[in-house]
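Asker: Got a sequence here, can you build the structure:
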Amino acid sequence: MNLKGRDFLTLRDFTGEEIMSIVDLGLDLKDKQKKGIPHPYLQGKSLAMIFQKSSTRTRVSFEVGMYQLGGQALFLSTKDLQIGRGEPVQDTARVLARYVDGILIRTYEQAEVEAFAKYADVPVINGLTDTYHPTQVIADLITIKEQKGDLAGLNFCYVGDGNNMTHSLMIGMLKCGLNVGIATPDGYKPNEEIVAYAQSIADENNCKLVLTNDPKAVVKNADIVYTDTWASMGQEDEKEARAKAFAGYQIDSEMFALAKEDAIFMHCLPAYRGYEVTEDVLEHPRSVIFDEAENRMHAHKAIMASIM
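Answerer: The predicted model follows:
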């Protein structure tokens, strides 16, 4: 499947088959890396990485992944670029596209990533915005396929804030044939337009999409239990208020026990122990959070190798 030249801004832009082609490539690249088989698919190519939000996993996995693919990654904070002093996005995008073969952006506004993609004539990758986090979901799908095999018909549940992860997880899981249950408190629900889009995918693929404010209802009989921080970057001053609003939404051992006996626990990290999840669940034998974190690199390599 040829995805060369495509941008990777949101999973809305890809079919389930295209998403799975990236997932399968990620698994293949992981196998090659573990066996020490060279795979310099991007030999001589370069990736500009623009970060307006801090990162551990995104930065390291893209940078190391690009090296393993035979290319070079350049880390650029907004302090390093004229865009931080007011240069228009359309100018920065067109200049960088003359130097590099791909651009990764981790920022706040989805519109900024889309503006880069509009003006740059090289592939642009969304490394996270306040609306979507599509690269994480590729890693999640790789992890689920490793753990569960066939994805179709699995029951996936997410408990917590209706944030960028919720949006991307709904879209990615439904496009790949999983049933999805989302539990969020009132006032923290996912975007209505994105929910309507996700429902259209569920209808098309004969999958179930359930949105509720009852976390136990979605965790019951789930194959995958997923949560995320209650306060994302830029929301730190809301931490106490959110802790009150999310009372009853913590994934503890009692909550996790409602899922299937072989259910796995997932978290995109960083995790705040004692808030959205307890220590015993994070360290549970069926917690796959560090496999999931490792798979960020294999997912990112697959995305880059597919589109650059």
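
Asker: Am I right that A48 falls within a strand?
Answerer: Yes. Assessed with DSSP: H, G, I helix; E, B strand; the rest coil, A48 lies in a strand.

Asker: That one is in contact with V100, isn't it?
Answerer: Yes. Using C-beta atoms under 8 Å, A48 is in contact with V100, at 4.5 Å. C-beta here means a position set from N, CA and C on the backbone, and glycine is covered the same way.

Asker: any residues in contact with both of these two?
Answerer: L74 (C-beta atoms under 8 Å, 6 or more residues apart in numbering).

Asker: Tell me how far the helix or strand of the chain with the lowest mean pLDDT lies from the chain's centre.
Answerer: Ranking every helix and strand in the chain by mean pLDDT, DSSP states H and E puts helix 239-245 at the bottom, with a mean of 87. Put simply, helix 239-245 sits 24 Å off its chain's centre (C-alpha atoms, centre = their mean, to the nearest Å).

Asker: buried sites along that helix?
Answerer: Neighbour-count burial for helix 239-245, counted by 16 or more other C-beta atoms under 10 Å, picks out R242, A243, A245.

Asker: Among the residues you listed, which one lies nearest to A196?
Answerer: Taking C-beta to C-beta as the measure, A196 lies nearest A245 of the buried residues of helix 239-245, at 24.1 Å.

Asker: Break the chain down into its domains, please.
Answerer: 11-133+294-307, 137-288 (automatic domain parsing).

Asker: Please tabulate the buried residues of helix 239-245 in a markdown table and include distance to V137 as additional columns.
Answerer: Shown next, in a markdown table, are those (distance: C-beta to C-beta, whole Å):
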| residue | distance to V137 |
| --- | --- |
| R242 | 23 |
| A243 | 26 |
| A245 | 25 |
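
Asker: what helix or strand does the residue most central in space within the chain sit in?
Answerer: Nearest to the mean C-alpha position of the chain, by C-alpha atoms, centre = their mean, lies Q136 at 2.0 Å. Element membership of Q136 [criterion: DSSP states H and E] is helix 134-148.

Asker: packing partners for that helix?
Answerer: In terms of contacts (3 or more C-beta pairs under 8 Å, 6 or more residues apart in numbering; DSSP states H and E), helix 134-148 is packed against helix 16-35, strand 124-128, helix 164-175, strand 224-227, strand 264-267, helix 289-307.

Asker: how about JSON lines for those, with mean neighbour count added?
Answerer: Shown next, in JSON lines, are the helices and strands packed on helix 134-148 (neighbours: other C-beta atoms under 10 Å):
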{"stretch": "helix 16-35", "mean neighbour count": "17"}
{"stretch": "strand 124-128", "mean neighbour count": "27"}
{"stretch": "helix 164-175", "mean neighbour count": "27"}
{"stretch": "strand 224-227", "mean neighbour count": "27"}
{"stretch": "strand 264-267", "mean neighbour count": "24"}
{"stretch": "helix 289-307", "mean neighbour count": "23"}
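
Asker: To R57, which of these lies closest?
Answerer: Here helix 289-307 is closest among the helices and strands packed on helix 134-148 (C-beta to C-beta), at 4.9 Å.

Asker: Kind regards, and thank you for your time.
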